[in-house]
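S.K.: Okay, here's the prediction I keep looking at, along with the sequence it came from:
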Amino acid sequence: MENKDLLMIPGPTPVPENVLLAQAKHPIGHRSPDFSEIIAEINENLKWLHQTQQDVLTVTASGTGAMEAGIINFLSPGDRVIVASNGKFGERWAEITDAFGLQTERITAEWGDAVDPEVIREKLEADTSKEIKAVILTHSETSTGVLNDLETINRHVKNHGEALIMVDAVTSLGAVNIPIDEWGLDVVGSGSQKGYMVPPGLGFIAVSEKAWKAYETAKIPKFYFDLGAYRKSTAKNSTPFTPPINLMYGLQTALQMMRNEGLENIFARHERNTLATRAAMEALGLPLFAPNNAASRAVTAVAPTTVEAEKVRSVMKKQFNIALAGGQNQLKGKIFRIGHLGFISERDVLTVVGSLEATLRELGHETMTPGAGVAAAARIFAES
Ligand SMILES: *Cc1c(COP(=O)(O)O)cnc(C)c1O
């Protein structure tokens with residue numbers, strides 16, 4: 001059946017129809033007063049979403065571009081940095097810090113486990129000469145469905161005093177509570193195609209006063225991603241270069257929707273959808289890849305033992321038009337991932353669970369009681 005697709009991957013995420021329609025207009029001049037008004041509204045709402053008084057900077061790039069900008073603007077070649085890596089994205093930030101000549105120390109955990117905040121604490125406490133300039137971590141590690149303990153790690157960074165904390169919040173911003181100012185997070189990057197309910201193409205970076213101080217002496221060469229230029233323009237409700245006007249129309253509408261729903265409600269919805277998905281997998285005898293106490297609110301990774309993960313994905317796509325994500329790198333073929341980030345309702349979760357039951361039946365997954373997954377998810381929805 002055409003036009004009946006359900007996108008249940010952790011990005012790009014589904015885009016609401018009114019966001020799509022908002023984009024279906026002629027672009028207007030980006031130096032016009034009309035566009036300036038749109039930027040002003042977007043800026044206000046981005047600050048609300050990020051729980052910060054600082055201007056949030058918008059760049060034309062995917063999430064990786066936002067993170068690269070966040071890393072290179074506040075550091076100098078040779079700076080010692082710690083990169084927490086427990087999946088594909090953590091590894092990517094280490095590749096970036098390597099590429100820009102930073103002295104990178106990786107703190108790793110098995111893919112599927114959370115990074116141990118104690119290991120970071122020990123590293124930071126041992127650094128009495130305060131050489132560590134930044135701790136860089138992925139909050140929600142999308143490749144494994146693991147949510148790292150940002151609050152605890154941040155506390156250790158604050159106790160160190162010198163190091164900046166730089167956070168990939170690409171699949172946690174707009175899904176879980178990240179009070180940027182209250183916690184004093186220095187650099188927080190995200191992307192439009194994830195929790196924002198907007199198509200890919202925009203990256204966002206929140207920057208603390210402390211990071212802006214570091215900016216003044218940072219020496220990594222930069223031009224298009226020189227965030228100082230974005231800061232100046234944003235303060236004047238402008239942009240340094242031509243922004244993707246139509247994506248900004250979409251962003252304006254999506255942020256209005258988020259404000260109408262309210263932050264608490266958005267977080268609660270992601271929590272419910274996560275718990276329901278996980279309960280359903282357990283009821284169906286499908287092992288969860290991430291532990292309960294470190295479960296991403298954006299994506300649930302499942303490591304089936306009695307059926308092949310890629311077969312599950314292929315039947316889900318062919319028979320039910322539901323796109324699930326597969327495993328990346330060494331997890332290819334070992335897991336499938338159900339995205340529940342952004343514009344995802346309880347009905348979508350029930351749909352994916354019910355279709356998954358039908359898929360498992362077709363694939364001869366023996367340890368399943370038909371209906372058990374839907375029942376488990378429905379129970380979570382009824383209780384919360
Ligand atoms: C999607 C994602 C990114 C950004 O990827 P892009 O393809 O560059 O947008 C970064 N970090 C995490 C955790 C992600 O899920």
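M.R.: The structure has been received and is ready for your questions.
S.K.: what does the stretch 101-250 of the chain put close to the ligand?
M.R.: Applying CB under 6 Å from any ligand atom, one finds that the stretch 101-250 of the chain approaches the ligand through 138, 140, 142, 168, 170-171, 191, 194. No exception for glycine: its C-beta is placed from N, CA and C like everyone else's.
S.K.: now do 5 Å
M.R.: Proximity of the stretch 101-250 of the chain to the ligand (CB under 5 Å from any ligand atom) is limited to residues 142, 168, 170-171, 191.
S.K.: out of those residues, which are buried?
M.R.: Buried members of these, scored by 16 or more other CB atoms under 10 Å, are 142, 168, 170-171, 191.
S.K.: can you list the domain ranges for this structure.
M.R.: The chain resolves into domains spanning 17-260, 263-383 when parsed by automatic domain parsing.
S.K.: What average pLDDT does the first one get?
M.R.: Here the mean pLDDT over domain 17-260 is 98, rounded to a whole number.
S.K.: Then the shortest one?
M.R.: Confidence over domain 263-383 (mean pLDDT, whole number) is 97.
S.K.: That one: end-to-end distance?
M.R.: 21 Å (CA to CA, to the nearest Å).
S.K.: For the ligand, what's the nearest residue on this protein?
M.R.: residue 63 (2.6 Å; CB to the nearest ligand atom).
S.K.: Tell me who's in contact with that residue.
M.R.: Shown in contact with residue 63 (CB atoms under 8 Å, 6 or more residues apart in numbering): 11, 168, 170, 189-191, 193-194, 203.
S.K.: So which of the residues you listed sit within strands?
M.R.: In strands, judged by DSSP state E, the following of these are found: 168, 189-191, 203.
S.K.: And the helices in the stretch 251-384 of the chain?
M.R.: 263-283, 309-320, 346-362, 372-383 (DSSP state H, counting those that start in this stretch).
S.K.: With distance to the ligand added, can I get these in CSV?
M.R.: Formatted as CSV, those follow (distance: least, CB to the nearest ligand atom, whole Å):
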stretch, distance to the ligand
helix 263-283, 14
helix 309-320, 18
helix 346-362, 19
helix 372-383, 24
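S.K.: Tell me, how many residues neighbour residue 106?
M.R.: The local packing of residue 106 (other CB atoms under 10 Å) involves 15 other residues.
S.K.: repeat for the one 4 residues further on
M.R.: Residue 110 has 10 neighbouring residues, counting by other CB under 10 Å.
S.K.: so it touches residue 86, yeah?
M.R.: Yes - between residue 110 and residue 86 a contact is recorded at 7.0 Å, counting by CB atoms under 8 Å.
S.K.: list the contacts for the residue positioned nearest the centre of the chain?
M.R.: Nearest to the geometric centre of the chain sits residue 171, at 1.4 Å (CA atoms, centre = their mean). Listed by CB under 8 Å, 6+ apart, the contact partners of residue 171 are 10-11, 139-140, 142, 194-195, 296, 298-299, 341.
S.K.: Of all pairs in those residues, which one spans the longest distance?
M.R.: Checked with CB to CB, the contacts of residue 171 reach their widest spread between 11 and 139, with 14.2 Å between them.
S.K.: With neighbour numbers in mind, choose between these two.
M.R.: With neighbours defined as other CB under 10 Å, residue 11 and residue 139 compare such that residue 139 has more, 27 against 23.
S.K.: Does residue 283 touch residue 380 like I think?
M.R.: No - at 10.5 Å, residue 283 does not count as touching residue 380 under the criterion of CB under 8 Å.
S.K.: Alpha carbons only: can I get stretch 136-154 in PDB?
M.R.: The C-alpha trace of stretch 136-154 is given here as PDB (Å, rounded to 0.1, in the frame of the first residue of the first chain):
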ATOM      1  CA  ILE A 136      33.000  15.200  25.500                       C
ATOM      2  CA  LEU A 137      30.200  12.700  25.700                       C
ATOM      3  CA  THR A 138      27.200  11.400  23.900                       C
ATOM      4  CA  HIS A 139      24.200  11.600  26.200                       C
ATOM      5  CA  SER A 140      21.900   9.200  24.300                       C
ATOM      6  CA  GLU A 141      24.100   6.800  22.400                       C
ATOM      7  CA  THR A 142      21.800   6.100  19.400                       C
ATOM      8  CA  SER A 143      23.800   3.100  18.100                       C
ATOM      9  CA  THR A 144      23.100   1.000  21.200                       C
ATOM     10  CA  GLY A 145      20.100   2.700  22.900                       C
ATOM     11  CA  VAL A 146      22.100   3.600  26.000                       C
ATOM     12  CA  LEU A 147      21.500   6.800  28.000                       C
ATOM     13  CA  ASN A 148      24.700   7.900  29.700                       C
ATOM     14  CA  ASP A 149      24.500   9.400  33.200                       C
ATOM     15  CA  LEU A 150      25.100  13.000  32.200                       C
ATOM     16  CA  GLU A 151      24.000  14.500  35.500                       C
ATOM     17  CA  THR A 152      26.700  12.600  37.500                       C
ATOM     18  CA  ILE A 153      29.400  13.000  34.900                       C
ATOM     19  CA  ASN A 154      28.700  16.700  34.800                       C
END
